[in-house]
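K.L.:
With the sequence up front, the predicted model follows.
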Amino acid sequence: MNLTEYIYILSLQDGSCYVNHTASVSQEIMRHTKGEISATSGKDPQLVWVEEWNNLETLQKRVASLSELSKESPKDLLHILQARLPFGGYHWG
């Protein structure tokens, strides 16, 4: 049985990104907004990306890949995701 999970990415005030996955994006975002997640608490987390996945094995590989890129270069991660949006998305400085 495949359950739907979502990869989500938050942009943080310090210029970094936070990558994780959850079954309920809205509940998880509320936890971040309320400061209940120590990694994002006090860093004004903003949701910038969500992907839907039905295969846990490939989801975990994708999270690991996105997390690695996020640590190496959060700006590059945001630019790569932006390129996947219709019409190239928004252009960040």
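P.N.:
Structure's in. What do you need? Values in this document were obtained by computation on a predicted structure and should not be read as measured data.
K.L.:
so where do the helices sit in the chain?
P.N.:
25-33, 56-72, 74-83 (DSSP state H).
K.L.:
What is the first one packed up against?
P.N.:
Think helix 25-33. Applying 3 or more Cβ pairs under 8 Å, 6 or more residues apart in numbering; DSSP states H and E, we find helix 25-33 packed against strand 5-11, strand 17-22, strand 46-53. To be clear about C-beta, it is placed using only N, CA and C from the backbone, and glycine gets the same treatment.
K.L.:
Tell me how far the lowest-mean-pLDDT helix or strand in the chain lies from the chain's centre.
P.N.:
Ranked by mean pLDDT, DSSP states H and E, the weakest helix or strand in the chain is helix 74-83, scoring a mean of 84. Centroid separation between helix 74-83 and its chain, computed with Cα atoms, centre = their mean, to the nearest Å, is 11 Å.
K.L.:
Name the residues of it that are buried.
P.N.:
Going by neighbour count (16 or more other Cβ atoms under 10 Å), the buried part of helix 74-83 is 74, 77, 78, 81.
K.L.:
follow-up on the earlier one: can you add mean pLDDT and mean neighbour count and give the helices and strands packed on helix 25-33 back as a markdown table?
P.N.:
Formatted as a markdown table, the helices and strands packed on helix 25-33 follow (pLDDT from 0 to 100; neighbours: other Cβ atoms under 10 Å):
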| stretch | mean pLDDT | mean neighbour count |
| --- | --- | --- |
| strand 5-11 | 94 | 21 |
| strand 17-22 | 96 | 19 |
| strand 46-53 | 92 | 15 |
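K.L.:
Nearest to residue 28, out of these?
P.N.:
strand 17-22 (4.2 Å; Cβ to Cβ).
K.L.:
and the closest one, which strands flank it?
P.N.:
In the sheet, strand 17-22 lines up against strand 5-11 (antiparallel) (DSSP bridges).
K.L.:
so which of the helices of the chain gets nearest residue 46?
P.N.:
That would be helix 25-33 among those, by Cβ to Cβ, at 9.4 Å.
K.L.:
contacting residues around the closest one?
P.N.:
Helix 25-33 is contacted from outside by 6, 8, 10, 18, 20, 22, 37, 40, 45, 47, 50, using Cβ atoms under 8 Å, 6 or more residues apart in numbering.
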